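1. missing the sequence, but the structure's below:
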């Protein structure tokens, strides 16, 4: 009996101590919550934004605010590939999409800083860590800003700055090509270019091009003033240009007869419709002209035609050179996700057109390290007419006759 009473007394004592401990913890938590509430109320009543010491890391350098925004800054064209006026024009167009709201904790990053960070990254291909130090933001923040701004450029400005010419614009383009080389009814030049990337984890062999490097293909059409009028981005580097073209929107629109307006120029009794010009990798169509296949037996007239067409088509190679010279991120392997690489390339093409339209100065030194190698590519023997009205072979023969009459002295060079 005595042992049972002792055990009962010990259990009662443990229970009492446990209850006291629980009550003590509850009181401590209540006091802690009350103290936090008082601190929050006191901070709110101050009505002042205090500098955050935990959430924002203090950075010593701020190249953007201390140097670039200074009135004496004169390197806009070198650092951002455009003048300050052109830069502000882009910021105004992107402002509705990129503008963020200030909060009680911090002020939002302004639109001009977001656009400048993106342009600097595209122009120099600097790492996010270096760019973060220059613009006084964290590396992760620089990455997010770059992605958001590239996506805003594509979604907001694509339809405004990259589109096929119509009406008077088309007439000016055709006059421009004719003034340069004498080629009539030329509305653009088409070609493809490889943009290097880091091979993806899945199906990486599909992106290996003929040089055994990973890349994606940029198929583009440009006008006489080095401006893109149509682009197709994203096909793996292993794919031939002819297949990219066959699956592109411009092929579907061209075959439907909606690529150019229903106009034609009569040359020696043959109607010559508006057309784009390409190299032997592309098919011969009523709206796509290419040279004769050189099997060693070409006549002097056909050789001269090939020479004039090739000289006219050089504008697309110059366009690719100016694109990569301005935005040098396209020269080195892009470390972004394969899908986002398409967005980056498209954004570069849009910004390139903005610079060309606003006549921004292009520094010839930017072309250093750019080698758009022209390689012989398999001949595409496809020949198609358009609804029976235009015969591509007849059009090409008529153009041969036209150049012989237009440049009789040049013909001697090819005999």
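-> Good, I have the coordinates. Keep in mind the model is a prediction, meaning the values are calculated, not measured.
2. any idea of the mean pLDDT in the lengthiest helix in the chain?
-> When the chain is parsed with DSSP state H, its longest helix is helix 2-46. Average pLDDT, helix 2-46: 74.
3. Skip ahead from that helix and say which helix or strand is next.
-> Next in sequence after helix 2-46, counting helices and strands by DSSP states H and E, comes helix 63.
4. So which residues make contact with that following helix?
-> With contact meaning Cβ atoms under 8 Å, 6 or more residues apart in numbering, helix 63 is reached by 133-136. Placement of C-beta: from N, CA and C, glycine included.
5. Now, those residues that are in strands?
-> Taking DSSP state E, every one of the contacts of helix 63 sits outside strands.
6. who wins for most neighbours among these?
-> residue 135 (24 neighbours; other Cβ atoms under 10 Å).
7. Could you dump the contacts of helix 63 into CSV with pLDDT added?
-> As requested, those are exported to CSV (pLDDT from 0 to 100):
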residue, pLDDT
133, 92
134, 92
135, 93
136, 91
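8. Give me the subset of the residues you listed that lies in helices.
-> When DSSP H defines the helices, the subset of the contacts of helix 63 inside them is 133-135.
9. Please enumerate the strands of this structure.
-> With DSSP E, the ranges of strands along the chain come out as 186-196, 215-222, 228-236, 265-267, 270-272, 275-277, 284-285, 288-289, 383-384.
10. mind checking which of those is nearest residue 90?
-> Closest approach to residue 90 among these is made by strand 228-236 (16.7 Å; Cβ to Cβ).
11. what mean pLDDT does stretch 390-406 have?
-> Stretch 390-406 comes out at a mean pLDDT of 94.
12. My guess is residue 310 contacts residue 291. True?
-> Yes. The criterion here is Cβ atoms under 8 Å, and residue 310 meets it with residue 291 at 6.7 Å.
13. Look at these two and report which has more neighbours.
-> Set residue 310 next to residue 291 and count neighbours by other Cβ under 10 Å: residue 291 wins out with 21 against 15.
14. How about that one: what's its closest non-neighbour residue?
-> Spatially, and ignoring its direct neighbours in sequence, residue 291 is nearest to residue 306 (3.8 Å; Cβ to Cβ, 6 or more residues apart in numbering).
15. same check, this time on residue 396
-> Closest residue in space to residue 396, ignoring its immediate chain neighbours: residue 289 at 6.5 Å, by Cβ to Cβ, 6+ apart.
16. what about the one you found, neighbour count?
-> 24.
17. Now do the contacts for it.
-> The contact partners of residue 289, by Cβ under 8 Å, 6+ apart, come to 186, 275-278, 309, 392, 395-396, 399.
18. Redo the residues you listed as TSV? Include distance to residue 170 and neighbour count.
-> Listed next are the contacts of residue 289 as TSV, based on distance: Cβ to Cβ, whole Å; neighbours: other Cβ atoms under 10 Å:
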residue	distance to residue 170	neighbour count
186	11	26
275	12	25
276	12	27
277	15	25
278	18	27
309	20	23
392	20	22
395	18	24
396	21	19
399	19	22
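19. how near is residue 261 to residue 187?
-> Using Cβ to Cβ, to the nearest Å, residue 261 is found at 10 Å from residue 187.
20. And residue 210, by the same measure?
-> 30 Å.
21. quick one: which of these two has more around it?
-> In this view residue 210 and residue 187 are compared by other Cβ under 10 Å, and residue 187 has more residues nearby, 25 against 12.
22. Just give me the neighbour total for the nearest residue to the more buried one once chain neighbours are set aside.
-> Excluding its sequence neighbours, the residue lying closest to residue 187 (Cβ to Cβ, 6+ apart) is residue 274, at 4.6 Å. Counted with other Cβ under 10 Å, residues neighbouring residue 274 total 22.
23. residue contacts, residue 274?
-> Listed by Cβ under 8 Å, 6+ apart, the contact partners of residue 274 are 170, 174, 185-187, 259-261, 263-264, 287.
24. Mind listing what's buried along stretch 261-275?
-> Judged by neighbour count (16 or more other Cβ atoms under 10 Å), stretch 261-275 contains these buried residues: 264, 267, 270-275.
25. same check, this time on stretch 139-151
-> Neighbour-count burial for stretch 139-151, counted by 16+ other Cβ under 10 Å, picks out 141-143, 145-147, 149-151.
26. can you tell me which of the residues you listed are in helices?
-> Counted as lying in helices by DSSP H, out of the buried residues of stretch 139-151, are 141-143, 145-147, 149-151.
27. and which of the residues you listed is nearest to residue 181?
-> Nearest to residue 181 among those, counting by Cβ to Cβ, is residue 150 at 35.8 Å.
28. ok, and the closest non-adjacent residue to the closest one?
-> Per Cβ to Cβ, 6+ apart, closest to residue 150 is residue 347, 4.4 Å.
29. what's the most buried one of the strands of the chain?
-> Highest mean neighbour count of the strands of the chain: strand 275-277, a mean of 26 (counted as mean count of other Cβ atoms under 10 Å).
30. So for that strand, mean pLDDT?
-> 97.
31. packing partners for it?
-> Secondary-structure packing of strand 275-277 (3 or more Cβ pairs under 8 Å, 6 or more residues apart in numbering; DSSP states H and E): strand 186-196, strand 288-289, helix 300-326.
32. and of those, who's closest to residue 343?
-> Using Cβ to Cβ, the nearest of the helices and strands packed on strand 275-277 to residue 343 is strand 186-196, at 12.2 Å.
33. pLDDT of that closest one, averaged?
-> Taken as a whole, strand 186-196 has an average pLDDT of 96.
34. for stretch 211-231, same thing?
-> 95.
35. Now do the end-to-end distance for that stretch.
-> Stretch 211-231 stretches 23 Å from its first residue to its last (Cα to Cα, to the nearest Å).
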